[in-house]
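Undergrad: I would like to see how this sequence folds:
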Amino acid sequence: MASIRHFPATHPLPDWRNFGVMLRVLLGINGLAALAALIQAPAIGKWLESYLQMAAIVEPLLLVSLGLLALLRDALWRLPLRIGQALVIGLAGALAGWLILYAGSLTLVEPGAALRAVLLAMATAGLLLAYFELRAKALSPAQAEARLAALNARIRPHFLFNSLNAVLSLIRARPQQAEAALESLSDLFRAAMRDPGELVSLADEIALGRQYLELETLRLGEDRLRVDWQLGTAPLDLPIPPLMLQPLLENAVYHGIEPSPEGGTVVVAIARDGDELHITISNPTAGQAQHAAGNQMALANIRERLALYYDLEARLETEVGDHRYDVRITLPCQRKVR
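TA: From the prediction side, this is the model:
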């Protein structure tokens, strides 16, 4: 099973196919171009004109470079780090030189600008690579795993305490069911104590969620807690971070079902849409806003873990509808990570 040790964010050469990397490159280079235009402009009022002229050259070069680097990503990762970095810098310089020479042949730029453009492109590429190398060190596997362990440590007490409470409530009233619930509880404890850096299959995460909801159903009763699983085209072998579903299911029960005497239905919809996995957990609002501290802590916890695993390619959103509260998670369908 894959782990955070193999995720692209921890590689010193950027994952040029990652949306977060592309966004940082675009913002960084355009920021440098804006600064260069400000220095080069004869007057402050001419800054925008100067920037637009520069962008007409920078943007095509930037887009072509990102496209080529995305195609060459795996080959560059297999090389020693410094050789890979040197090739990226050389590619940036070669593309800049070719573009300026082509523009010069059309009399769009002065003939002597090619060498200056090559040097600037190589220097800019070097600065970006240094930034991404420092960022990879900041997100080193050891530090990322330590952060994940801390985040999971915040989730576990709530999970284990609430699961234990569900079993304790059955011991006197329904001892036979309590015995079966204790067996499920041991499985839940084992799952909660997994290595937070390791990914689990979607099927395992769904099974954990089902076990937790079965315990809560025993505690609250089938007439109060109803669950509608809509798995659709969910790829059950897809690796995802652990404890994604359970904290959200716990929130749905404690903030949506338990406060209501008549209970309600928790809807869990999981489906694949192209290269994305969509997970939606919906519960009734029981006539109150779902903004309790525990609920927000779980959401913030999951958001931070998603950022550690996927950077900007995953997101968590909430929506308050007509007497419903929805939490939506979008993950990239990455079956294999380096």
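
Undergrad: how is this structure carved up into domains?
TA: 4-138, 141-332 (automatic domain parsing).

Undergrad: rank these by mean pLDDT and give me the bottom one.
TA: Ranked by mean pLDDT, the domains of the chain end with domain 141-332 at the bottom, a mean of 78.

Undergrad: where along the protein do the strands fall?
TA: Shown for the chain, the strands assigned by DSSP state E span residues 200-201, 225-230, 239-240, 264-273, 276-284, 315-320, 324-332.

Undergrad: Could you name the stretch from these that's closest to residue 12?
TA: strand 324-332 (21.2 Å; CB to CB). Glycine gets a C-beta too; all of them are placed from N, C-alpha and C.

Undergrad: Check what contacts the closest one and list those residues.
TA: Under the criterion CB atoms under 8 Å, 6 or more residues apart in numbering, residues 240, 244, 248, 251-252, 255-256, 275-285, 290, 299, 302, 306, 310, 313-320 lie in contact with strand 324-332.

Undergrad: Residue 21 and residue 14 touch, don't they?
TA: Yes. Using CB atoms under 8 Å as the test, residue 21 is close enough to residue 14 to be in contact (4.6 Å).

Undergrad: residue boundaries of the helices in the stretch 151-300 of the chain?
TA: Listed in chain order, the helices found in the stretch 151-300 of the chain under DSSP state H, counting those that start in this stretch are 175-192, 202-220, 245-251, 293-310.

Undergrad: okay if I get these as a markdown table plus mean neighbour count and distance to residue 114?
TA: Output for the helices of the stretch 151-300 of the chain, formatted as a markdown table (neighbours: other CB atoms under 10 Å; distance: least, CB to CB, whole Å):
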| stretch | mean neighbour count | distance to residue 114 |
| --- | --- | --- |
| helix 175-192 | 15 | 60 |
| helix 202-220 | 20 | 52 |
| helix 245-251 | 23 | 56 |
| helix 293-310 | 18 | 40 |
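
Undergrad: do you know which of the ones you listed lies nearest residue 133?
TA: With CB to CB, the closest approach to residue 133 among the helices of the stretch 151-300 of the chain belongs to helix 293-310: 18.3 Å.

Undergrad: Now do that closest one and strand 315-320, the angle between them.
TA: Orientation check (axes from the mean of the first three to the mean of the last three CA atoms, to 10 degrees): helix 293-310 against strand 315-320 gives 150 degrees.

Undergrad: roughly how far is helix 293-310 from the heart of the chain?
TA: Relative to the centre of its chain, helix 293-310 is centred 10 Å away, using CA atoms, centre = their mean, to the nearest Å.

Undergrad: about what we covered before: now list the buried members of the contacts of strand 324-332.
TA: Judged by neighbour count, with 16 or more other CB atoms under 10 Å as the criterion, the buried members of the contacts of strand 324-332 are 240, 244, 248, 251-252, 255-256, 277, 279-285, 290, 299, 302, 306, 310, 313-314, 316.

Undergrad: quick revisit: tell me, what's touching residue 21 and residue 14 both at once?
TA: Common neighbours of residue 21 and residue 14 (CB under 8 Å, 6+ apart) are residue 132.
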